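Novice: Mind looking at a prediction? Sequence and model below.
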Amino acid sequence: MIIIGIAGGSGAGKTTVARSIADRFGTESVNYLSQDWYYKDFSNLTLTERAELNLDHPNSFDTELLLSHLNQLRQGLSVEAPVYDFKIHSRTEETRAMTPRMVVVLEGILVLAIEEIRPILDIKIFVDADADIRLIRRLERDIKERGSTYDATVKRYLGTVKPMHEAFVEPSKRFADIIVPHGGENKIAVDMLVELVEHYLFEI
C-alpha cells in the first residue's frame, strides 16, 4: 500500500487533485481521507466559541488519531474515520467505515506542515494556486457549503486563514516531492501523478 499526501492552501484545488487520482483508479483501489475529518472534538465548547476557533493551526487537528488510522490501514485493518460538520463546528456521532486499499490519498492544508505526518507519506504533493483564486474559492465554498456569511468568511480569512497560510502552509511546500502549479485544474500534472502512482503500485 502507498500513502499519498496532498497539501496546499485553502481553495488551491487539493480536493480536485485528490479526487482525480481516486477516480482514475476507482474506489475499489483507493481510500480518500481528508485531514478536515480529523479536527479535534470541540463539542464541549459553545457554538459561539467553536465558531471562533482557529482551524488553520496544526494544533487544531487530532494528528494522533489520524496517524493511528493510517498505520492501521497500512497493516490491513479497517478503521472508523470521524465526521466533522463545519456548520456546527464539531464532530458528529457518525463515522466513515474505511477498509484497506492499495492507495490512500490524504489531503489537507497542513498535511506537509505537521512533522509527524510527513514520514508516513510515500508521495508528498503540494497544490499551488494564486492567492486571489484561493480566496474566491474559499468564499464560494464557505457560503454555499458551510453555512457561513460573506462577512464571517472574510473575517476568518484575514484573521486566521491568511496568516496561518503564511506561517505554516506556504513554508511546507519545501517538503513536497511534486508541486502542482495552477491548482486542481492542471490536467497534465494530474496525468503525471497517475503515472507515478501506477509506477509505485507496479513495484509493490
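Specialist: Here it is on my side, so go on.
Novice: Please make it C-alpha for all contacts and neighbour counts, starting now.
Specialist: Noted.
Novice: Quick check: nearest residue in space to residue 142, chain neighbours excluded?
Specialist: Residue nearest to residue 142 in three dimensions, not counting chain neighbours: residue 148, with 5.4 Å by CA to CA, 6 or more residues apart in numbering.
Novice: and that neighbour, helix, strand or coil?
Specialist: Assigned by DSSP: H, G, I helix; E, B strand; the rest coil, the conformation of residue 148 is coil.
Novice: where's it relative to residue 136, distance?
Specialist: 14 Å (CA to CA, to the nearest Å).
Novice: List the contacts of the residue nearest the centre of the chain.
Specialist: For the chain, the residue sitting closest to the mean C-alpha position, by CA atoms, centre = their mean, is residue 108 at 1.7 Å. When contacts are counted by CA atoms under 8 Å, 6 or more residues apart in numbering, residue 108 touches 6-8, 14, 34-36.
Novice: can these go into JSON lines with extra columns for neighbour count?
Specialist: Conversion of the contacts of residue 108 to JSON lines gives the following (neighbours: other CA atoms under 10 Å):
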{"residue": "6", "neighbour count": "30"}
{"residue": "7", "neighbour count": "31"}
{"residue": "8", "neighbour count": "29"}
{"residue": "14", "neighbour count": "29"}
{"residue": "34", "neighbour count": "20"}
{"residue": "35", "neighbour count": "19"}
{"residue": "36", "neighbour count": "20"}
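Novice: which one of those is nearest residue 79?
Specialist: Sorting these by how near they are to residue 79, with CA to CA, puts residue 34 at the top with 14.0 Å.
Novice: any idea how far the residue nearest to residue 142 lies from residue 199?
Specialist: Here the criterion is CA to CA. By it, residue 148 lies 42 Å from residue 199.
Novice: more neighbours, the two?
Specialist: Here residue 148 and residue 199 are set side by side on neighbour count (other CA atoms under 10 Å), and the busier one is residue 148, at 18 against 11.
Novice: From what I see, that one and residue 138 are in contact.
Specialist: No: the pair residue 148 and residue 138 does not pass the contact test of CA atoms under 8 Å, sitting 10.7 Å apart.
Novice: For the helix or strand of the chain with the lowest mean pLDDT, buried residues please.
Specialist: The element with the least model confidence among the helices and strands of the chain, by mean pLDDT, DSSP states H and E, is helix 131-145, at a mean of 78. The neighbour-count criterion (16 or more other CA atoms under 10 Å) identifies 134-135, 138-140, 142 as the buried residues of helix 131-145.
Novice: Can you tell me the SS state at residue 6?
Specialist: Classification of residue 6 by three-state DSSP places it in strand.
Novice: so who does it touch?
Specialist: Neighbouring residues of residue 6 by CA under 8 Å, 6+ apart: 14, 18, 105-108, 111-112, 124-127.
Novice: 6 Å - rerun?
Specialist: Applying CA atoms under 6 Å, 6 or more residues apart in numbering, we find residue 6 in contact with 107, 125-126.
Novice: How far off centre is the lengthiest helix in the chain?
Specialist: Under DSSP state H, the helix in the chain containing the largest number of residues is helix 187-203. In terms of CA atoms, centre = their mean, to the nearest Å, the gap separating the centre of helix 187-203 from the centre of its chain is 19 Å.
Novice: Out of the contacts of residue 108, which one has the lowest pLDDT?
Specialist: Comparing pLDDT over these, the lowest score belongs to residue 14 (88).
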